[in-house]
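Peer 1: got a sequence here, can you build the structure:
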Amino acid sequence: MCRLCWISAVVLLALSATLITKFIILGETLPSTDGRTTIIVEPGERDLILEEMRSFLVNVQAIVASTNADEMPAVAAAARKSGMQAQAQVPAALAGKLPLSFKTLGFDTHQRFDQLALDAGEFGDKAHALQQLGELMNNCIACHASYRLVAQDPGSK
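Peer 2: As a prediction, this is how the structure comes out:
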């Protein structure tokens, strides 16, 4: 009986490790001909990710314009829109398709927007806000240099 328990435990552990590797670490990816990692998602999921990226751009533009106008409360408000609250809209099914490195980069980007919002509201320092924004934009550059999204209908796999 104990032997059966051990075998079952080993099988469950191996299955868990496989699922964790697939859905948390690797996601739905393929190598790309341009050196980036291709992330395979459904068309609606691709639209959701691209909409979030466009939102980042809108908010970055508002941060730059508000910093230039010395309107630090507006800087904080714009940054907050791309903070962790925006990340909460990602469906679990989509999160499982994204590689861990993409999720980590995205999580860090949202946290950086939140930190920029906090600091802009608390300190009101334009130079510091622009420095934070410059560092945050390195995440955008890294993401676009590392990944590409390809929409694929679920039935075509």
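
Peer 1: and the strands in this protein?
Peer 2: Using DSSP state E, the strands assigned to the chain run over residues 29-31, 37-41, 147-151.

Peer 1: now the ones you listed as CSV including mean pLDDT, distance to L57 and mean neighbour count?
Peer 2: For the C-beta atoms, the positions are set from N, CA and C on the backbone; glycine is no exception. Formatted as CSV, these follow (pLDDT from 0 to 100; distance: least, Cβ to Cβ, whole Å; neighbours: other Cβ atoms under 10 Å):
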stretch, mean pLDDT, distance to L57, mean neighbour count
strand 29-31, 95, 25, 12
strand 37-41, 97, 20, 19
strand 147-151, 97, 16, 15
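
Peer 1: which one of those lies closest to V60?
Peer 2: strand 147-151 (18.9 Å; Cβ to Cβ).

Peer 1: now that closest one - C-alpha only, CSV.
Peer 2: In CSV, the C-alpha atoms belonging to strand 147-151 read as follows (Å, rounded to 0.1, in the frame of the first residue of the first chain):
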residue,chain,number,x,y,z
TYR,A,147,8.7,39.4,-27.8
ARG,A,148,6.2,39.4,-30.7
LEU,A,149,2.5,38.5,-30.4
VAL,A,150,0.9,36.2,-33.0
ALA,A,151,-2.9,35.7,-33.0
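
Peer 1: partner strands of that strand, with direction?
Peer 2: Applying DSSP bridges, strand 147-151 is found paired with strand 37-41 (parallel).

Peer 1: quick one, longest helix in this structure?
Peer 2: helix 43-68 (DSSP state H).

Peer 1: helices and strands around that one, which ones?
Peer 2: helix 72-81, helix 92-97, helix 100-123, helix 126-146, strand 147-151 (3 or more Cβ pairs under 8 Å, 6 or more residues apart in numbering; DSSP states H and E).

Peer 1: buried sites along that helix?
Peer 2: Within helix 43-68, the residues scored as buried using 16 or more other Cβ atoms under 10 Å are 45-46, 48-49, 52-53, 56, 59-60, 62-63, 66-67.

Peer 1: can you name the two of those that sit furthest apart?
Peer 2: Greatest spacing in those, by Cβ to Cβ: E45 and T67 (33.1 Å).

Peer 1: okay, now the unreliable bits of this protein?
Peer 2: The chain contains residues with pLDDT under 70 at 1, 13-26, 156-157.
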